[in-house]
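Enquirer: pasting the sequence and the predicted model now:
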Amino acid sequence: MAPSKNAEREAREARDRLRRYNARQAVHGNQLKRRRRDNLWAIIGVIVVVGLATLTQVVYFTAGPGTPAPSASPSASPSAAAGANTGDVPSKTIAAGRTWTGKLGLNGITLGISLDGKKAPQAVSAVISLAQQGFYTSTGSSCHRLTTSDTAKLIQCGSVNGDGTGDPGFTFGPLENVPSDGVYPAGTIAMARGTGEYSQSSQFFITYGDSTLADATGGYTVVGTVTSGLDAFVSQIADKGVADGSTDGTPAVPTKITELTVQ
C-alpha cells in the first residue's frame, strides 16, 4: 500500500527538521571550538606579554642589545654563571683603595670621570687595567646601546665585538657598591653584565638621566661618576635618540670611545 501524501509530507518535514538541527549543532560546535581557541590564544597572549615585560627588565641590563641594556658578556661561561671568576682577571689591588680621576671621550666629547677604588676595588681595577692597555680606544671602543625610556636613560659601551657580545679574556664578580634602592642617578658609571654576578667584564654603562633599574638579578656595580661634560653628551648624542626610533637600541649618532685615561 503506497504511503499517503500526508505521511510523505510529514516524513519530508521530519528530514528537514533533522537537517536544520544538525546544521545548528554544527554551527554551535564550531562556535565553541572557535571560542575555546580564541580564549587559548588570549591566555597565551597575556602570558607572552607578561613574560616579555619581565624578560625586558631582566635582559634590559643583562644580555640585551649589549645589554639595559647593560650586557657584559651574554655568552658568559658556566663558571661565570655558577659564581666564579674566569680567565686572567686583573688583581683587585690595582685600584689601591683610592679615588681615580680621568677623562672619557665619546666622539670627541670629553667627560670628566671619577672612579671609586675603595667601594668597588675589583671592578675599578678591571677598568683601570683595560684602560691602561688601550682596550677601550681600540677593540672595545663601540658604544652600541642607547636607552631613552622614562625610567632608564643610559648609554652602554665597551663591547669586544661591538654588539654587546664577547669579553677581553675574563669575567669577574662579585657585585660591588650596588644601590640598595635600584636608583642610578644621572652621571652614574656602572658595570654591565650577563645574568650572573660573575659575568661582569669590559662593558659599562653611563646614566645621563636618573634611572631606576630592575634589581631582580641583583643590580649593577657602580664604579664611579661623570663629573663634567654630561650636558654636551646629552645634547649631541642622547637627544638624537635611537637609530630605529625606539627607546632602546643602537644610537642614531654612531658613538665611539675616543679617549679613556685615569690616574
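Expert: Looks like it came in fine.
Enquirer: what are the ranges of the helices in this protein?
Expert: Per DSSP state H, the chain carries helices over the ranges 5-60, 78-82, 121-132, 230-236.
Enquirer: pLDDT below threshold where in this protein?
Expert: Residue ranges of the chain with pLDDT under 70: 1-82.
Enquirer: residue 204 versus residue 168, what's the distance?
Expert: 13 Å (C-beta to C-beta, to the nearest Å). Backbone N, C-alpha and C define where each C-beta goes, glycine included.
Enquirer: please say which of these two ends up with more neighbours.
Expert: Using other C-beta atoms under 10 Å, the more surrounded residue of residue 168 and residue 204 is residue 204, with 30 against 22.
Enquirer: ok, the more buried one - contacts?
Expert: 70, 127, 156, 157, 158, 189, 190, 191, 192, 223 (C-beta atoms under 8 Å, 6 or more residues apart in numbering).
Enquirer: which strand residues bridge it?
Expert: Note on residue 204: beta-bridge partners residue 157, residue 191, judged by DSSP bridges.
Enquirer: wait, isn't residue 219 in contact with residue 174?
Expert: No - if you go by C-beta atoms under 8 Å, residue 219 and residue 174 don't touch, sitting 11.4 Å apart.
Enquirer: quick one: the strands in the stretch 151-263 of the chain?
Expert: Counting by DSSP state E, counting those that start in this stretch, the stretch 151-263 of the chain has strands at residues 153-157, 170-171, 183-184, 188-191, 204-207, 211-212, 222-228, 248-249, 255-262.
Enquirer: could you export those strands to JSON lines, including columns for distance to residue 94?
Expert: As requested, the strands of the stretch 151-263 of the chain are arranged in JSON lines below (distance: least, C-beta to C-beta, whole Å):
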{"stretch": "strand 153-157", "distance to residue 94": "20"}
{"stretch": "strand 170-171", "distance to residue 94": "13"}
{"stretch": "strand 183-184", "distance to residue 94": "24"}
{"stretch": "strand 188-191", "distance to residue 94": "15"}
{"stretch": "strand 204-207", "distance to residue 94": "16"}
{"stretch": "strand 211-212", "distance to residue 94": "28"}
{"stretch": "strand 222-228", "distance to residue 94": "13"}
{"stretch": "strand 248-249", "distance to residue 94": "33"}
{"stretch": "strand 255-262", "distance to residue 94": "10"}
